[in-house]
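Enquirer: any chance you can model this:
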Amino acid sequence: MLRTLFSPRIMGLHLLTIGVLVAFILLGRWQLGIFQDSGKPHAATDPAPVAVATLTQIGPQLRGDVVGRRISAEGVYEAGRQLLVADRRADVDAPGGNVSRDDGYWVLTPLRLDDGTLMPVVRGWVAKSDDPAVAAVPQGRVAVAGRLRPQQGTDSVQRRAEGLPPGQVQTVSTGELINLWTGQKVRAGFVVAQPPSGSLTQVKVDPPVVGGTLTWRNLAYAANWWIFAGFAVFMWFHFVRDAVRADRDRGKSPEMALEG
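Expert: Residues are numbered from 1 along each chain as shown. Sure thing, here's the model as predicted:
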């Protein structure tokens with residue numbers, strides 16, 4: 001039996017089977033990787049900037065398909081209504097509140113558009129509330145470019161137990177801004193300016209993303225390759241078994257002839 005298993009022709013079969021197994025397993029893993037990657041969020045198309053008034057309304061929430069869109073806006077900053085969003089990092093997706101306590105501030109300034117409505121704009125980020133860049137609000141008519149973000153719920157962060165000083169808020173909430181900017185028509189959501197205003201630090205904001213769609217076909221392809229690998233082992237076993245039997249039968253043939 002050992003002589004058969006290590007004969008040149010069977011050794012060739014062993015090597016061929018090992019090569020086939022490695023290839024089929026790797027092909028299956030490749031298709032599985034494609035299947036897994038297909039379910040991951042990925043960047044959506046990033047259309048050209050549009051006027052902010054075409055994507056936002058007064059009061060209601062933003063539509064999900066406009067979040068992250070590039071916008072352009074023209075108007076006048078109202079420095080007297082400026083607020084600091086406390087406990088924030090220079091990343092719009094970073095957690096706020098006590099998780100980021102004393103990490104810095106977003107500088108939130110309303111931009112009065114030509115129709116009289118206010119569009120909240122995060123002009124940038126500072127590490128300290130007394131940073132001179134906070135008070136350096138551009139005067140006169142300005143053009144702002146940036147990305148649109150949805151309003152933040154007032155309960156979306158863990159608030160400070162002792163409250164905040166006047167002129168500071170914990171979230172960018174449209175409802176809260178309506179109460180603070182009394183008598184003003186405030187558009188939903190807010191804009192993260194790109195580039196930031198003056199010497200403020202840029203707040204990181206990503207382009208829109210869409211959820212991936214799992215390609216089940218690739219999972220089926222992966223299963224097929226692994227089934228083929230199992231079939232290769234099955235065929236290897238049968239070829240080796242038949243070879244061992246054939247050699248055994250040939251070894252018995254002279255003995256049978258003598259008995260006859």
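
Enquirer: what's the spacing between Met79 and Ala145?
Expert: You called it Met, but residue 79 is Ala. Per Cβ to Cβ, to the nearest Å, Ala79 is found 20 Å from Ala145. The way it works is simple: take the backbone N, C-alpha and C, and place the C-beta from them, glycine included.

Enquirer: likewise for Ala127?
Expert: For Ala127, the distance to Ala145 (Cβ to Cβ) stands at 24 Å.

Enquirer: my read: Val244 touches Leu5, true?
Expert: Yes: between Val244 and Leu5 a contact is recorded at 7.4 Å, counting by Cβ atoms under 8 Å.

Enquirer: for the stretch 51-200 of the chain, what are the low-confidence residue spans?
Expert: 60 (pLDDT under 70).

Enquirer: what segments of the stretch 1-150 of the chain are helices?
Expert: Using DSSP state H, counting those that start in this stretch, the helices of the stretch 1-150 of the chain run over 2-5, 8-38, 132-135.

Enquirer: tabulate these (JSON lines), appending distance to Lys185 and mean neighbour count.
Expert: Formatted as JSON lines, these follow (distance: least, Cβ to Cβ, whole Å; neighbours: other Cβ atoms under 10 Å):
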{"stretch": "helix 2-5", "distance to Lys185": "86", "mean neighbour count": "12"}
{"stretch": "helix 8-38", "distance to Lys185": "43", "mean neighbour count": "14"}
{"stretch": "helix 132-135", "distance to Lys185": "25", "mean neighbour count": "15"}
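
Enquirer: in a markdown table, list those helices along with distance to Ala229.
Expert: Formatted as a markdown table, these follow (distance: least, Cβ to Cβ, whole Å):
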| stretch | distance to Ala229 |
| --- | --- |
| helix 2-5 | 21 |
| helix 8-38 | 4 |
| helix 132-135 | 63 |
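
Enquirer: right, and these - which one's nearest Ile71?
Expert: Proximity to Ile71, assessed across the helices of the stretch 1-150 of the chain by Cβ to Cβ, is greatest for helix 132-135 (22.9 Å).

Enquirer: on that earlier part again, ok, Ala127 and Ala145, which is more surrounded?
Expert: Ala145 (14 against 11; other Cβ atoms under 10 Å).
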